[in-house]
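Student: Requesting a structural model of the entry that follows:
(one chain, ligands or ions: 1)
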Amino acid sequence: MNAHMTPDEFRAHGYAAVDWIADYLANVADRPVVSQAEPGEFRAALPAHPPEQGEPFENLLSDLNDVILPGITHWQHPGFFGFFPANASGPAILGDLLTGGLNVVGMMWWASPAATELEEHVLDWMAELLDLPERFRSGGPGGGVIQDTASSAVLVALLAALNRVTGGRARAEGVSGRFAVYGSDQAHSALEKNVRVAGLGESAMRSVRTDPKTLAMDPAHLRELIEADVREGVVPVMVMATVGSTSTTAIDPVLDIGALCREFGIWLHIDAAFAGVAAVCPEFRWIHEGVAEYADSYCTNPHKWMLTTVGSSTLWVADRAAVIEALSILPAFLRNKATESGQVVDYRDWQVPLGRTFRALKLWAVLRWYGAEGVRAHVRHHVALAQEFAAWVRADERFEVMAPHPLSLVCFRVRGDDERTERLLESLTADGRIFVSQTRVSGRLAIRFAIGATTIDREHIASAWTIIRELATCPPSPSV
Ligand code: PLP
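Tutor: Okay, here's the model as predicted:
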């Protein structure tokens, strides 16, 4: 039987674990990017029963190599172009380690004052870096909080919006009546899921048309839908505008959408889960046009593009009272003087669960290591690579770029019928040197090429493009 790990054992195994991570990250490019595991294959390699006796920690590290790695798709691989990135970095990984070392539950200020105040502070820093409006900062009526995901941020915004629009009835009595929530036909599915979670039902979802060229929300259609709802006694609750859609990074016209929300008294949530961090660079701040004037809440994920490990989704609200009114609960066992003084933030009232890690620590580590300049350089590098890649695609008559690509995602397809793109996707999967994902743009199949790995460079893009061209063996369509 193993006793608790002693400090010396912890030190030795900790060094070994850090060595393992350093080696993994240094050599990840040599591995096939996508796991070739078949369903069930991984579990078949595990013992059927838990160990009765403790084992040496070395066994775990060797199983990481032999058992776990074959079942891993390598998100830190420079050939990973699928989904949106989850680019990690040394300071973030170490921040996670330190978070685990302290392992405080930062559910309220009293539970660990530094966990709360660092979060408030780092979110003020982030708001400054992204040039978000003053009312989102902790000194005013609003404030920021770190959620686990952008999906949770949507739910928090929706619950606050619902409580506000019902004058507190949603909290007191639950929801009854007919409500509507609006997002474009390109909005992330998290919206519809949370409409269900909030008890509104799928029928409350309104899908707003998008412009066929830009794939951004059509405000004229939004107005039509809202007016029709109001005429029929349906209560509009929230509009979610997307800054950087999942499919193509389309940017909704927040200025026009926001004006409509104000006219009808509707909560405006901005989902900038991936793209928002681009606003660290002044030249990309245009993506936030309208946010300062109109947003009630705004979310972006440092854990997608900003070098922070998963579990870092920053949400700001203009009116923190609206969130707290919807979500606060104070059982006897959590009562304390600090809360009663009204002088502190209790983040349990800003999210659905009670418990939470010391979420700010790794974001603090990232910001201190890179500084604003480092983060800007990272974003600019990826955007420049994407623009170069798009130019290569355009220059090859076999392919077409399918949507505007203002940031680091390029959607393209093989000209001709979808079968050709389908075949290319299949070949890329079978080949395994790079990983891309797919979407539909204006009804046609497209390849999403999302640039975002931490260590990616021009050579990786160039070799990905060579692989794509090699595998797109079909001849040009007759129309070209
Ligand atoms: N919104 C957008 C635009 C996204 O692209 C994503 C995920 O890629 C999400 C929301 C959901 O993010 P999360 O996994 O943090 O819930």
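
Student: Could you use CA atoms for every contact and neighbour count after this?
Tutor: Noted.

Student: can I assume R206 sits in a strand?
Tutor: Yes. The assignment for R206 (DSSP: H, G, I helix; E, B strand; the rest coil) places it in a strand.

Student: Does the closest residue to it other than its chain neighbours belong to a helix, a strand or coil?
Tutor: Closest residue to R206 apart from its sequence neighbours, by Cα to Cα, 6 or more residues apart in numbering: Y182 at 4.7 Å. Here Y182 is recorded as strand under three-state DSSP.

Student: who touches Y182 in this structure?
Tutor: M205, R206, S207, V208, L222, M238, V239, M240 (Cα atoms under 8 Å, 6 or more residues apart in numbering).

Student: Tell me the one of the residues you listed nearest the ligand?
Tutor: Nearest to the ligand among the contacts of Y182: M240, at 10.1 Å, using Cα to the nearest ligand atom.

Student: any idea of the mean pLDDT in whichever helix or strand the closest one is part of?
Tutor: In this assignment (DSSP states H and E), M240 forms part of strand 235-242. Strand 235-242 shows a mean pLDDT of 98.

Student: Specify the next element, helix or strand, located C-terminal of that strand.
Tutor: Past strand 235-242, the next helix or strand by DSSP H and E is helix 254-264.

Student: Just confirm I146 contacts L315, I think it does.
Tutor: Yes. Contact status for I146 versus L315: in contact at 6.0 Å, counting by Cα atoms under 8 Å.

Student: on that earlier part again, which strands and helices sit next to the strand holding M240?
Tutor: Contact analysis of strand 235-242 by 3 or more Cα pairs under 8 Å, 6 or more residues apart in numbering; DSSP states H and E lists helix 150-165, strand 179-184, helix 219-231, helix 254-264, strand 267-271 as its packing neighbours.

Student: Tell me where the model's unsure across the chain.
Tutor: Along the chain, the model assigns pLDDT under 70 to residues 474-480.

Student: which parts of it sit against the ligand?
Tutor: Within the chain, the residues that sit near the ligand (Cα under 6 Å from any ligand atom) are F84, T149, A150, S151, H188, G244, S245, T246, D271, A272, A273, F274.

Student: wait, the first one sits on K304?
Tutor: Yes. Counting by Cα under 8 Å, F84 does reach K304; the two are 6.6 Å apart.

Student: quick one, the helix or strand where I324 lies and helix 150-165 angle?
Tutor: I324 belongs to helix 320-327 when assigned by DSSP H and E. Orientation check (axes from the mean of the first three to the mean of the last three Cα atoms, to 10 degrees): helix 320-327 against helix 150-165 gives 90 degrees.

Student: Point me to the residue of the stretch 201-350 of the chain nearest the ligand.
Tutor: For the stretch 201-350 of the chain, Cα to the nearest ligand atom, closest residue to the ligand: T246, 3.9 Å.

Student: Count the residues that sit near the residue lying closest to that residue once chain neighbours are set aside.
Tutor: Counting by Cα to Cα, 6+ apart, H188 is the residue found nearest to T246 once chain neighbours are left out, at 6.5 Å. H188: 19 surrounding residues under other Cα atoms under 10 Å.

Student: likewise the one 5 residues further on?
Tutor: K193 has 16 neighbouring residues, counting by other Cα under 10 Å.

Student: Okay, buried residues for the helix or strand where it lies please.
Tutor: Element membership for K193 (DSSP H and E) is helix 190-197. For helix 190-197, burial by neighbour count (16 or more other Cα atoms under 10 Å) applies to L191, E192, K193, N194, V195, R196.

Student: before we move on, what about stretch 28-41?
Tutor: Buried residues in stretch 28-41 (16+ other Cα under 10 Å): V28, A29, R31, P32, V33, V34.

Student: distance of H460 from the ligand?
Tutor: Distance, H460 to the ligand, using Cα to the nearest ligand atom, to the nearest Å: 23 Å.

Student: ditto for L428
Tutor: 22 Å.

Student: Pretty sure T466 is one of the things that residue touches, is it not?
Tutor: No. With contact defined as Cα under 8 Å, L428 does not count as touching T466 (11.7 Å).

Student: Those two: who's more crowded?
Tutor: Counted by other Cα under 10 Å, L428 and T466 do not tie: L428 has more neighbours, with 19 against 12.

Student: got a list of what the more buried one touches?
Tutor: Here L428 is in contact with I434, F435, V436, I468, L471 (Cα under 8 Å, 6+ apart).

Student: cool, and V317?
Tutor: Counting by Cα under 8 Å, 6+ apart, V317 has contacts F136, G142, G143, G144, D296, S297, Y298.

Student: Next: V195.
Tutor: L155, L158, V181, G201, E202, A204, M205.

Student: May I see the PyMOL selection of the buried members of those?
Tutor: Here is the PyMOL command that selects the buried residues among the contacts of V195 (16+ other Cα under 10 Å):
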select buried, resi 155+158+181+201+204+205
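
Student: re the thing from before, can you put the helices and strands packed on strand 235-242 in TSV and add distance to K337?
Tutor: What follows is the helices and strands packed on strand 235-242, written out as TSV (distance: least, Cα to Cα, whole Å):
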stretch	distance to K337
helix 150-165	26
strand 179-184	39
helix 219-231	45
helix 254-264	38
strand 267-271	33
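
Student: quick one, longest helix in the chain?
Tutor: If you go by DSSP state H, the chain has its longest helix at helix 360-395.

Student: mind listing what's buried in it?
Tutor: 360-367, 370, 372, 375-376, 378-387, 389-390, 393.

Student: Repeat that for stretch 213-231.
Tutor: Buried, per 16+ other Cα under 10 Å, within stretch 213-231: T214, L215, A216, M217, D218, P219, L222, R223, L225, I226, D229.

Student: so where do the helices sit in the stretch 1-150 of the chain?
Tutor: 7-27, 41-44, 57-63, 90-102, 113-129, 150-165 (DSSP state H, counting those that start in this stretch).

Student: Ignore what I typed, I meant the stretch 351-480 of the chain.
Tutor: Counting by DSSP H, counting those that start in this stretch, the helices of the stretch 351-480 of the chain are 360-395, 418-431, 458-471.

Student: Distance to P404 for those - can I get that in a markdown table?
Tutor: Putting these into a markdown table (distance: least, Cα to Cα, whole Å) gives the following:
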| stretch | distance to P404 |
| --- | --- |
| helix 360-395 | 10 |
| helix 418-431 | 19 |
| helix 458-471 | 19 |
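
Student: Now do the longest helix of the chain: which elements does it pack against?
Tutor: Packing contacts for helix 360-395, counted by 3+ Cα pairs under 8 Å, 6+ apart, involve helix 90-102, helix 113-129, strand 399-401, strand 409-414, helix 458-471.

Student: The helix holding K193 vs strand 179-184, what angle?
Tutor: On the basis of the same axes, to 10 degrees, helix 190-197 is oriented at 170 degrees to strand 179-184.

Student: Show me how far helix 190-197 is from its chain's centre.
Tutor: From the chain centre to the centre of helix 190-197 is a distance of 16 Å (Cα atoms, centre = their mean, to the nearest Å).

Student: quick one, that helix and strand 235-242 angle?
Tutor: 150 degrees.

Student: what angle separates helix 190-197 from strand 267-271?
Tutor: Using the same axes, to 10 degrees, helix 190-197 lies at 130 degrees relative to strand 267-271.

Student: pull the CA atoms of helix 190-197 into PDB?
Tutor: Output of helix 190-197 as PDB, limited to C-alpha atoms (Å, rounded to 0.1, in the frame of the first residue of the first chain):
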ATOM      1  CA  ALA A 190     -24.700  26.300 -27.300                       C
ATOM      2  CA  LEU A 191     -27.500  28.900 -27.700                       C
ATOM      3  CA  GLU A 192     -30.200  26.400 -28.600                       C
ATOM      4  CA  LYS A 193     -28.900  23.900 -25.900                       C
ATOM      5  CA  ASN A 194     -29.100  26.600 -23.200                       C
ATOM      6  CA  VAL A 195     -32.600  27.700 -24.400                       C
ATOM      7  CA  ARG A 196     -33.600  24.100 -23.600                       C
ATOM      8  CA  VAL A 197     -31.600  24.100 -20.300                       C
END
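
Student: Alright, calling it a day.
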